[in-house]
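Undergrad: turn this into a structure:
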Amino acid sequence: MVEPRLLFVYGTLMSTASGSMGRGPRARLDRASRTMGRAAVRGFLFDLGVYPGLVLKLRGAVPGGEARVFGELRELIEPGDVFDWLDRYEGITCEVDAKDGCDYRRVVRDVARLDASGRQVVMPAWIYVYEGPLVGARLLPDGIWPP
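TA: Residues are numbered from 1 along each chain as shown. Take a look at the predicted model:
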């Protein structure tokens with residue numbers, strides 16, 4: 001399987017983010033990628049304080065419940081180079097394929113975006129998924145950061 005050159009961002013790394021958190025990495029990502037526009041992925045978004053966390057599944061969530069997280073899709077120029085520093089920024093201190101032990105994990109999921117004609121296009125992209133504790137975190141039901 002060929003790994004995607006696409007990255008879905010939904011928080012401090014979005015080109016529209018204006019906070020001081022992530023300013024340096026955001027500028028670095030701007031130089032290492034091109035923005036492909038707004039996109040969405042299935043999941044739940046939580047306010048973790050100064051940044052958000054995307055969770056794929058919730059215990060007790062309604063089966064078949066459709067929750068989406070909105071952000072933007074980026075095409076990476078050199079994915080390997082970007083992930084060398086971006087994984088550190090995201091706090092990944094274990095292997096990407098690890099099943100536990102990290103608050104964030106980078107995975108490939110289907111991401112939807114609208115093309116120039118307004119049709120929805122679904123494509124695989126890397127996303128950073130939050131797997132840490134949710135104690136004190138607030139669910140953002142509209143799936144948009146900042147709240």
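
Undergrad: host element of residue 71?
TA: strand 68-76 (DSSP states H and E).

Undergrad: now residue 83
TA: For residue 83, the element it lies in under DSSP H and E is helix 79-89.

Undergrad: what is the mean pLDDT for the helix or strand that that helix is followed by?
TA: In the C-terminal direction, the helix or strand that comes right after helix 79-89 (DSSP H and E) is strand 104-114. Mean pLDDT, strand 104-114: 93.

Undergrad: just to revisit the earlier point, neighbouring strands of the strand holding residue 71 in the sheet, and parallel or not?
TA: For strand 68-76, the pairing partners within the sheet under DSSP bridges are strand 6-9 (antiparallel), strand 33-42 (antiparallel).

Undergrad: in it, what's buried?
TA: For strand 68-76, burial by neighbour count (16 or more other Cβ atoms under 10 Å) applies to 69, 70, 71, 72, 73, 74, 76. Any C-beta I mention is one placed from the backbone N, CA and C, and that applies to glycine too.

Undergrad: what of stretch 27-40?
TA: 28, 29, 32, 33, 36, 39, 40.

Undergrad: from those, which is closest to residue 124?
TA: residue 39 (11.9 Å; Cβ to Cβ).

Undergrad: where does the protein dip in pLDDT?
TA: Counting by pLDDT under 70, the chain shows low-confidence ranges at 1, 60-66, 93-101.

Undergrad: what about the residue of it most remote from its centre, distance to residue 9?
TA: Within the chain, residue 117 marks the point farthest from the mean C-alpha position, 24.8 Å out by Cα atoms, centre = their mean. Counting by Cβ to Cβ, to the nearest Å, the gap from residue 117 to residue 9 is 24 Å.

Undergrad: now swap in residue 41 and tell me
TA: 11 Å.

Undergrad: shared neighbours of the two, anything?
TA: Counting by Cβ atoms under 8 Å, 6 or more residues apart in numbering, the common neighbours of residue 41 and residue 9 are residue 71.
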